[in-house]
Each structure stands twice: as C-alpha cells, then as structure tokens.
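Asker: I need the structure of the sequence given here:
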Amino acid sequence: MELHITLDDRRDLTGSLYRQLRDAVLDGRLRGGEAVPPTRELARRLAVSRGTVSVAYDRLAAEGYLTARVGAGTFVRESAAPAPSRHAPAA
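Answerer: Below is the predicted model:
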C-alpha cells in the first residue's frame, strides 16, 4: 500500500494523520481488508512519535474505520463507517 501523508501542521500531528487516513478510507484509496502500516513503521516514515500514530489509529478503530488483529496487524474494516453527508438534509 502506497499512501501519501503530509504533516504540514506540526501543531496537530495526530489530528492531521487521523483526518488523512479517514479521508483515504472514505475516498476508497484505502479499501476494506487492506493493511495499514504498523505504528512503528509509519511513525519512522513520518518522523513522529509512535504514540502520535497509535492515538490516530485508536481513534479510527473506535469510529469503525480500522480493526486490529493481534499478531496480524491493523486493517481497514470491511464495513468501514460510511461517508458522512456533506450536504444538509433537504427541508
């Protein structure tokens, strides 16, 4: 999996990482069942702490985007949460 992540705003690394990964799932760039990089590897590639990546992954898992399998890794959930509506409901 080749995923382009840019952390320009160094003040909110976790939030930026979370949003970019969530958007990748919602846009279909990350598909159900696809593995995401291990926290250590992604942290090393982005030059951030492992905790930054872990918190973003934990939040994505809590919201139904990722699932972790002990000994196997972290994956995009097959039934990842649907994209939120970008438009207000019709009145």
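Asker: in what element of secondary structure is the most centrally placed residue in the chain found?
Answerer: In the chain, the centroid-proximal residue (Cα atoms, centre = their mean) is Leu21; its distance is 3.1 Å. Leu21 is part of helix 13-27 when elements are defined by DSSP states H and E.
Asker: tell me which residues are up against the following helix or strand past that helix.
Answerer: Counting by DSSP H and E, the next helix or strand C-terminal to helix 13-27 is strand 35-36. Contacts with strand 35-36, where a contact means Cβ atoms under 8 Å, 6 or more residues apart in numbering, come from Met1, Leu3, Leu21, Leu30, Leu42, Tyr57, Leu66, Gly73, Thr74, Phe75, Val76. Backbone N, C-alpha and C define where each C-beta goes, glycine included.
Asker: residues of stretch 16-32 that come out buried?
Answerer: Residues of stretch 16-32 classed as buried: Ser16, Leu17, Tyr18, Gln20, Leu21, Arg22, Ala24, Val25, Arg29, Leu30 (neighbour count, 16 or more other Cβ atoms under 10 Å).
Asker: helices along the protein, start to end?
Answerer: Here the chain has its helices, by DSSP state H, at 13-27, 39-46, 50-62.
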